[in-house]
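K.L.:
test case, fold it:
(chains A and B)
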Amino acid sequence: MTQESAAIVQSTDAADVGDDLLNVVGLKKYFPIRRGFIRRSTSMVRAVDGLSFSVKSGETLGIVGESGCGKTTASRCIVRSLKPTEGQILFRTGTGDVVDLANLSQSQMRPLRRDIQFIFQDPYTSLNPRMTIFQIVAEPLIVNKVGNRSEQEDRVSSLLQRVGLAPEYMRRYPHAFSGGQRQRVGIARALALNPRLIVADEPVSALDVSVQAQVLNLMADLQQDLGLAYIFIAHDLRVVRHICHRVVVMYVGKVAEIGTPEDLFRDPKHPYTEALISSLPALKPSKGKRRTFSLSGEVPDPANPPSGCFFHPRCKYAVEQCRVEAPEVREIEPGRFTSCHRIEELELVGSAE
Amino acid sequence: MVKTNKAEGTIINADKQPDRKVLEIRDLYVEFSTPDGVVKAVDGVSFDVAEGKTVGIVGESGCGKSVLARSILQLIGRPGRIAGGEVLYHQRAEGEETATGTDILRLPPNGSEIRSIRGGGISMIFQEPMSAFSPVHTIGNQMVEALRLHKPISKVEANEQAVDWLQRVGMPNPSERIGSYPYELSGGQLQRAMIALALSTNPSLLIADEPTTGLDVTTQAQILDLLGSLQDEHGMAMIFITHDLGVIAEIADEVQVMYLGRVVEEASVVELFQSPQHPYTKALFTSMPGTSKIEGSRLPTIMGSVPEPHSRPAGCFFHPRCDSFMPGTCDRSEPELLIVNGQQKASCFLYTKGES
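P.N.:
I've put the predicted structure just below:
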């Protein structure tokens, strides 16, 4: 799978990929910082710096981290609205072939776009206010020349029903809908071409709690009925815990930890995960009680990250090794990955909640 | 008072009269005239805020919580209008308190009296620090301006106090940061700067409108800890507006749950989390991920969505979405906010059936 320009890897070679739908290997995305008159590139923002994970069919993989950790950039690389600097994005197509999305041109990518769809964060800016709901949901069908007009109408009407909206709404414009309803329209649009993977970038963070629950339930139902896989990007650990099967915790473009949400909460294997959990507001009255500890400082600038482990300036367990030596991501238990040098000697505190 | 050390702080708390009120809100009504009709954004809200205590106001978007906060300082622009009620402000005086306090709503909106209260006695912090600061002035200039408006001090003194406050809110390199423009700071740093700005005049009440929404959980935890410790130190009262019940649990003493302009439940934070009474409050709790007992299952939801504010349902506003809807009662008359359990109030017919 290392031969150049081999966009399509034959299915016989796919043993490495196992039954994964998506396998991201060493993904990097650097943005140049250009300065001066001739716009010379002086340094690089390492937004995503060697990210590896896999997504199985029908699975929800969460990506969490603070703002600036590269989670959105990683998701944009997977849907190829950005071209990765380095790395492989191996995707199993409907026919069983394994394709490296990272090296495809836009025209080679086009037929695959049906399989991978995107749900956006803000339902107020992701729908064109001058298009009707029909035009919005049918756009993927029209662009891909699927069906004639009346077939498209039938499809849109069944999609709207599928996401819990009345088909009569298709003649209306987005302004007539609430935030939760708009997010449903966004989901209907993502479903139009029967995708197998949906990348959802903070799909519920702009919604009220009561509506958030409705949308999360809808996404879970769709997954069950249609066998969808999700990459679910969020900063709300409780939402992630509820909906995800596995979670990648990112810090400044790198993996801090990978595990199931139960494992992460009960027994975190990276000090950063521990800090994230302890920062969560407890769901019981706790005024005047201090939390076990809270993280100080800020996420470092990805253009100028610290030496060694990127987390060491904020880590209370940091030792000399952490300052000097950049850690590798390693598997410490089946399915549990961490990038902490000292994890074997640390006793980290999770949440019993 | 500003430089209270821990020992003195406890003395101040000890000889302070219990529950001295800083603010009393009485039957506040705020209306907006829109092409779709009159929106009663705040519809008869009353509560008190006591010194050193935090009143949390929780509700979903459109429930009127931000309008309520802004109307306290008459910061409601057209087409909005304060249609009635009183907001009595008891200035923190060295001597005895006045019997009634000043009704802020009766003060001329641009007069010198209310301008000395805004940012002086009562400060406010906002959700988006990036849009609350002027982008063309440095953080320091904006702080110095505010300090000198409320205190007779020189620029040099004001600058020193500003640096001191930035230090106190945990800003790294405060003496350098004071010359920064808002765009040069991160969201968390800017929120710290806004808290420093709001607290530098030593207000007796801080109104915080979703100050941690949109920040990362780690930064949110830092800001909540900071506000809590500053409150301990200065004994200021707080009105804290949020949609996040987790945040309420961390910071509030008393809670007002709002729905479509009205308070539907009023309780101490302990009562609210132990035994929420109003069906809406109960539903808010159960629809939060992480509260339901069975993990991985479906979340209980509230059916439908918040109605349009200009066409609120008849009777109890929550009845079309309520699990305990009683036809003939809930859609006919409006429930009153009454005591249902200890000091806990709820406006729901479930607790008044059989009576009247």
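K.L.:
contacting residues for the closest residue to chain A within the stretch 1-150 of chain B?
P.N.:
Nearest to chain A, among the residues of the stretch 1-150 of chain B, is residue B:60, at 3.9 Å (Cβ to the nearest Cβ). Every C-beta, even on glycine, is put in place using the N, C-alpha and C of the backbone. Contact partners of residue B:60, counting by Cβ atoms under 8 Å, 6 or more residues apart in numbering or on different chains, are A:208, A:209, A:210, A:211, B:243, B:259, B:306.
K.L.:
that one: helix or strand, and which one exactly?
P.N.:
Under DSSP states H and E, no helix or strand contains residue B:60.
K.L.:
buried sites along stretch B:128-140?
P.N.:
B:128, B:129, B:130, B:132, B:133, B:138, B:139, B:140 (16 or more other Cβ atoms under 10 Å in any protein chain shown).
K.L.:
er, stretch A:51-58 actually
P.N.:
Quick answer for stretch A:51-58 (16+ other Cβ under 10 Å): A:51, A:52, A:53, A:54, A:55, A:56.
K.L.:
how is the residue lying closest to the fifth one once chain neighbours are set aside assigned, secondary-structure-wise?
P.N.:
Ranked by Cβ to Cβ, 6 or more residues apart in numbering or on different chains and with sequence neighbours excluded, the top spatial neighbour of residue A:55 is residue A:22, at 4.2 Å. The assignment at residue A:22 comes out as strand when based on DSSP: H, G, I helix; E, B strand; the rest coil.
K.L.:
residue A:22 pairs with what?
P.N.:
Assessed by DSSP bridges, residue A:22 has beta-bridge partners residue A:55, residue A:91.
K.L.:
what number of residues lie near it?
P.N.:
Residues within reach of residue A:22, counting by other Cβ atoms under 10 Å in any protein chain shown, total 25.
K.L.:
over to residue A:139?
P.N.:
Neighbours around residue A:139, by other Cβ under 10 Å: 15.
K.L.:
quick one on the thing from earlier: any idea which of the contacts of residue B:60 is closest to residue B:47?
P.N.:
Residue B:47 has its nearest neighbour among the contacts of residue B:60 in residue B:259, at 15.1 Å by Cβ to Cβ.
K.L.:
now the phi/psi pair for that closest one, please.
P.N.:
The phi/psi pair for residue B:259 (degrees, to the nearest 10) reads phi -140, psi 120.
K.L.:
would you format the buried residues of stretch B:128-140 as JSON lines with distance to chain A and secondary structure included?
P.N.:
Formatted as JSON lines, those follow (distance: Cβ to the nearest Cβ, whole Å; DSSP: H, G, I helix; E, B strand; the rest coil):
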{"residue": "B:128", "distance to chain A": "14", "secondary structure": "coil"}
{"residue": "B:129", "distance to chain A": "14", "secondary structure": "helix"}
{"residue": "B:130", "distance to chain A": "13", "secondary structure": "helix"}
{"residue": "B:132", "distance to chain A": "19", "secondary structure": "helix"}
{"residue": "B:133", "distance to chain A": "18", "secondary structure": "coil"}
{"residue": "B:138", "distance to chain A": "20", "secondary structure": "coil"}
{"residue": "B:139", "distance to chain A": "16", "secondary structure": "helix"}
{"residue": "B:140", "distance to chain A": "20", "secondary structure": "helix"}
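K.L.:
can you tell me the residue of the stretch 201-350 of chain B closest to chain A?
P.N.:
For the stretch 201-350 of chain B, Cβ to the nearest Cβ, closest residue to chain A: residue B:246, 3.1 Å.
K.L.:
send the alpha carbons of stretch B:165-184 over as PDB?
P.N.:
What follows is stretch B:165-184, C-alpha atoms only, in PDB (Å, rounded to 0.1, in the frame of the first residue of the first chain):
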ATOM      1  CA  TRP B 165      -6.900  43.400  38.300                       C
ATOM      2  CA  LEU B 166      -5.600  41.500  35.200                       C
ATOM      3  CA  GLN B 167      -3.200  39.800  37.500                       C
ATOM      4  CA  ARG B 168      -5.900  38.900  39.900                       C
ATOM      5  CA  VAL B 169      -8.100  37.300  37.200                       C
ATOM      6  CA  GLY B 170      -5.100  35.100  36.200                       C
ATOM      7  CA  MET B 171      -4.100  36.900  32.900                       C
ATOM      8  CA  PRO B 172      -0.500  35.800  32.000                       C
ATOM      9  CA  ASN B 173       1.900  38.800  31.700                       C
ATOM     10  CA  PRO B 174      -0.700  41.400  32.700                       C
ATOM     11  CA  SER B 175       1.700  44.400  32.300                       C
ATOM     12  CA  GLU B 176       2.300  43.400  28.700                       C
ATOM     13  CA  ARG B 177      -1.300  42.200  28.000                       C
ATOM     14  CA  ILE B 178      -2.700  45.600  29.000                       C
ATOM     15  CA  GLY B 179      -1.400  47.000  25.700                       C
ATOM     16  CA  SER B 180      -3.000  44.300  23.700                       C
ATOM     17  CA  TYR B 181      -5.900  44.700  21.300                       C
ATOM     18  CA  PRO B 182      -8.900  42.300  21.700                       C
ATOM     19  CA  TYR B 183      -8.000  40.400  18.600                       C
ATOM     20  CA  GLU B 184      -4.600  39.500  20.000                       C
END
